[in-house]
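>>> Below are the sequence and a predicted model for it; my questions follow.
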Amino acid sequence: MTQEQPPSVVERMWGREPVTRRGPRPRLDLATITAAAIEIADADGIAGVSMASVASRVGVAATALYRYVGSKEDLLTAMADGVAPPPPEPEGMPWRDYLALWTRTQRDLLLDHVWLLSIAQLTPPLGPRRLLWLDRALAALDGTGLGHGEKINVATALTGYALTDAALVHNLGGETDLTGAAEYGDVLAGLLDPGTYPALAAAVRAGALHGAEGWVDDTDFVFGLDLLLDGVEALITRRTRRSGSTSA
C-alpha cells in the first residue's frame, strides 16, 4: 500500500522543513509567515491577507514566500492550524464535562478570530494543532464503549456545532442588516404565509423570537450543546447495554 504524500505546506506545518546544506540560512520559516498572516487577519479581516501584505509584514519580497507556501490557499491552511491554541487537557474530567469545555473553547476561538468563519472547510484537519484537539476529544471518550469511528463522528458533530453557533452569534452581533433575533422575528412575521408555514408562522407571531437574544448568549449555546451531549450519552448507554447483553 502506497502512503499518500501530504502537500508540502502540511509537511512544513509538522516541522519537516527540507534541509539545505548550501547557501545562507533561510531568513524565514512557516511559523513566522503564519503568525504574520494571523496578525493581519485579526486586524483587517481575511480580505487583508495576501501574499503581498504578509511579505511586507515580515520584510521580504512576495516571491520569497512561495518557498514556504505555494499559494494563498496553502497560507490559509497554515493559518487555520496555527491560530489554534493547545486544547484543554482532560485531567480526569468526566467525558461529558470535558467535551462541553472542548466545544465551548472552539466556539470562543472562532469568535476571537472571526476570519476563521470564512475559511472553515469541511475537510479533515491535517495540522499538528488541530489534530491534537481531535486526539484529546477521542481520548475523553475512552472507556465509553464507542467505536473509533463513532468517537470521530462525535468530535465532528461538536466541531460543527461550535462553528454554526459562532457564525450565528457573529452575524446577529451586527454583521447583517438585522440587529438581533427580535428584529429578525419582525421581518419573518411580515414574510410568512400561515397557509404555507403554519407552525413557523404561529411561533413567530406568538413572539417566540422576541426576547430570544439568547441566540447570542450563553444560555442558548448550552441548550444546544446539551441536546448534542444528551444524544452522545444515549448512544453510550445503548452501546453499554449491548455489550452487557453480549457478554451475558
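Sure, I can see it.
>>> residues making contact with stretch 125-133?
Here stretch 125-133 makes contact (Cβ atoms under 8 Å, 6 or more residues apart in numbering) with 6, 10, 13-14, 77-78, 80-82, 84-87, 102, 106, 134. C-beta coordinates here come from the backbone N, C-alpha and C atoms, glycine included.
>>> do the same with stretch 146-156
By Cβ under 8 Å, 6+ apart, stretch 146-156 touches 99, 134, 137, 138, 141, 232, 235, 236, 239.
>>> Let's see that with 10 Å instead.
Stretch 146-156 is contacted by residues 95, 99, 102-103, 122, 124, 133-142, 144, 228-229, 231-232, 235-236, 239-240 when judged by Cβ atoms under 10 Å, 6 or more residues apart in numbering.
>>> thinking again about what came up before, which of the contacts of stretch 125-133 are buried? Put it as a ChimeraX command.
In ChimeraX, this line selects whichever of these come out buried by 16 or more other Cβ atoms under 10 Å:
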select :10,13,77,78,80,81,82,84,87,102,106,134
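>>> ok, so of the contacts of stretch 125-133, who is nearest residue 159?
Residue 159 lies nearest to residue 106 out of the contacts of stretch 125-133, by Cβ to Cβ, at 6.3 Å.
>>> Find the nearest non-adjacent residue to the closest one, please.
Once flanking residues are discounted, residue 106 sits nearest to residue 162: 4.0 Å by Cβ to Cβ, 6 or more residues apart in numbering.
>>> Please apply the same query to residue 200.
residue 192 (6.0 Å).
>>> can you pull the contacts of that neighbour?
Residues near residue 192 by Cβ under 10 Å, 6+ apart: 198, 200, 201, 202, 203, 204, 205.
>>> Mind doing that once more with 7 Å?
200, 201, 204 (Cβ atoms under 7 Å, 6 or more residues apart in numbering).
>>> nearest to residue 112, of those?
Residue 112 lies nearest to residue 204 out of these, by Cβ to Cβ, at 32.3 Å.
>>> which residues sit in contact with that closest one?
185, 188, 189, 192.
>>> among these, who's most crowded?
Among the contacts of residue 204, residue 185 has the most neighbours (other Cβ atoms under 10 Å), with 20 neighbours.
>>> Assess the claim that that residue and residue 209 are in contact.
Yes. Shown here, residue 185 and residue 209 form a contact pair, counting by Cβ atoms under 7 Å, at 3.0 Å.
>>> Can you flag which of the contacts of stretch 125-133 belong to helices?
Counted as lying in helices by DSSP state H, out of the contacts of stretch 125-133, are 10, 13, 77, 78, 80, 81, 82, 102, 106, 134.
>>> Next up, identify which helix or strand the closest residue to the first one other than its chain neighbours is on.
For residue 10, ignoring the flanking residues on the chain, the nearest one in space by Cβ to Cβ, 6+ apart is residue 126 at 4.9 Å. For residue 126, there is no host helix or strand (DSSP states H and E).
>>> What residues sit buried inside the longest helix along the chain?
Secondary structure of the chain per DSSP H: the longest helix is helix 218-247. Buried residues in helix 218-247, defined by neighbour count with 16+ other Cβ under 10 Å: 220, 221, 225, 228, 229, 232, 235, 236.
>>> Okay, domains of this protein per the record?
Listed domain ranges for the chain are 8-82, 95-176+217-247 (source: automatic domain parsing).
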